[in-house]
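> Give me a model of this one.
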Amino acid sequence: MENKANLKHARTCVYNVNYHIVWSVKYRRKILTREIEQYLKELFQEIAKEKGFEVVMMEVGEQDHIHVFASSHPKVAPSYIVKMLKEISGRKLFLKFPEIKQKFMERTFME
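Down below sits the predicted model:
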């Protein structure tokens, strides 16, 4: 017997659409501290609620990339979810934590 607990019911369909989205910080800089991670978790929940999808889970990996497990109605494109999360969170992160802009300006030379 199938587990039907995860199914969501909309007016015209029954669905269970999930996405595992991963993206890295520019230049793979290790800037995602615990404080930033906590802020992003709250921010992603706000964005998802406002834009009509659900962020089931969000984790930071090695301070340089983000994993998001999102769920949405089939009419919501995964590209829209990524765009909203990255665009809004990026802008708000720079406003709340202006010191991370400096970390992108630092030059590192690999030998």
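> quick one, phi/psi of His20?
Main-chain torsions, His20, degrees, to the nearest 10: phi -110, psi 110.
> Please verify my assumption that it contacts Phe69.
Yes - applying Cβ atoms under 8 Å as the test, His20 and Phe69 come out as touching, 5.6 Å apart. Heads up, the C-betas are built off the backbone N, CA and C, glycines and all.
> and the residue lying closest to Met84 once chain neighbours are set aside, how many neighbours?
Closest residue to Met84 apart from its sequence neighbours, by Cβ to Cβ, 6 or more residues apart in numbering: Lys51 at 4.9 Å. Per other Cβ atoms under 10 Å, the neighbour tally for Lys51 reads 15.
> what do you get for the one 4 residues further on?
Around Val55 there are 21 other residues, counting by other Cβ under 10 Å.
> Then Ser71?
Ser71: 19 neighbours (other Cβ under 10 Å).
> So it, which state does it fall into?
Of the three states, Ser71 takes strand under DSSP: H, G, I helix; E, B strand; the rest coil.
> how about it, what does it touch?
Contacts for Ser71 were tallied using Cβ atoms under 8 Å, 6 or more residues apart in numbering; they are Lys8, Asn16, Val17, Asn18, Tyr19, Phe53, Glu54, Val56.
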